[in-house]
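[1] generate coordinates for the sequence data below:
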Amino acid sequence: MKTAGEILAAARRARGWSLEELSRRTKIQAKFLKAIELSQFSKLPKAPFVKGFIRTAAGELGLDPAGPAAIFRRDFGAGEESQIVPKTLEAGKKRFGWTPQMTAAAAVAAVSAAFLGYLGWQLLTLTAAPRLIITQPAAEAVAGAEIAVEGKSDPGAAVTINGQEIKKNKDGSFSQILSLTPGEHTITVTAVGQNGKKTTQQRTVRVR
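    Below is the predicted model of the structure:
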């Protein structure tokens with residue numbers, strides 16, 4: 001079952017963003033984002049701040065912030081002075097005898113948790129905004145009158161460039177040639193998923 005950090009990392013990579021890009025967008029230090037993705041909570045501040053980081057990053061990545069936040073609460077508790085403590089360690093402080101009935105109950109709980117976790121992940125996937133990766137043009141590019149706009153989105157998403165819907169390949173990739181007049185132009189690419197959620201990226205180019 002994925003951790004909150006793994007879910008955020010997968011969503012970030014799907015958008016083609018680096019940690020630095022996500023840091024710029026969320027105003028959260030890249031070292032904290034990296035520590036969350038790797039579940040290195042000893043490198044993070046107190047629990048209330050981490051919960052806020054997770055919700056902010058999830059929202060910027062097009063996820064429902066409640067999902068990763070709930071998974072974080074499932075896996076971690078707040079120890080003394082709100083330090084983050086894995087709940088398995090908290091439970092280990094209690095000493096009790098283990099019985100065969102407990103083993104059976106634990107097995108049932110594990111199967112149930114795995115199933116519910118899978119359903120939860122599917123729900124997050126269905127409610128998330130579509131991925132959108134722009135490979136061409138580069139930011140602040142200088143080009144001639146014709147410029148290629150290339151990238152990739154989810155196969156089921158509709159993609160528009162400057163408000164005009166374009167055709168995609170079966171794998172979600174696309175390529176469109178734009179004819180532009182000399183000067184500076186902002187190219188806006190938007191992907192709209194079947195659930196109505198949108199992802200938008202822009203590139204500013206200068207035509208010679």
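
[2] helices and strands of this protein: which one bottoms out on pLDDT?
    The weakest-scoring helix or strand in the chain, judged by mean pLDDT, DSSP states H and E, is helix 87-92 (a mean of 49).

[3] ok, then the element right after it?
    Taking DSSP states H and E as the definition, the helix or strand that follows helix 87-92 towards the C-terminus is helix 100-127.

[4] avg pLDDT for that next one?
    Model confidence over helix 100-127, given as mean pLDDT, is 81.

[5] how about residues contacting the host helix or strand of A191?
    Counting by DSSP H and E, the element that carries A191 is strand 183-192. Under the criterion C-beta atoms under 8 Å, 6 or more residues apart in numbering, residues 129-132, 134, 137, 147, 149, 151, 153-154, 157-163, 178, 198-207 lie in contact with strand 183-192. Glycine gets a C-beta too; all of them are placed from N, C-alpha and C.

[6] show me how to select, in PyMOL, the buried members of the residues you listed.
    To isolate the buried subset of the contacts of strand 183-192 in PyMOL, counting by 16 or more other C-beta atoms under 10 Å, use the following:
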select buried, resi 129+130+131+132+134+137+147+149+151+153+154+157+158+159+161+178+199+201+203+205+207
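
[7] T135 - that's part of a strand, no?
    Yes: the assignment for T135 by DSSP: H, G, I helix; E, B strand; the rest coil puts it in a strand.

[8] ok, it - contacts?
    With C-beta under 8 Å, 6+ apart, T135 has these contacts: 150-152.

[9] relative to Y118, which of those residues is nearest.
    Minimum distance to Y118 across the contacts of T135 is 26.1 Å, recorded for K152 (C-beta to C-beta).

[10] can you classify the closest one as helix, strand or coil?
    Taking three-state DSSP as the rule, one finds K152 in the strand state.

[11] wait, it sits on S175?
    No: contact criterion C-beta atoms under 8 Å: K152 and S175 do not qualify, at 10.0 Å.

[12] against A35, how distant is P45?
    Shown here: P45 relative to A35, a distance of 10 Å by C-beta to C-beta, to the nearest Å.
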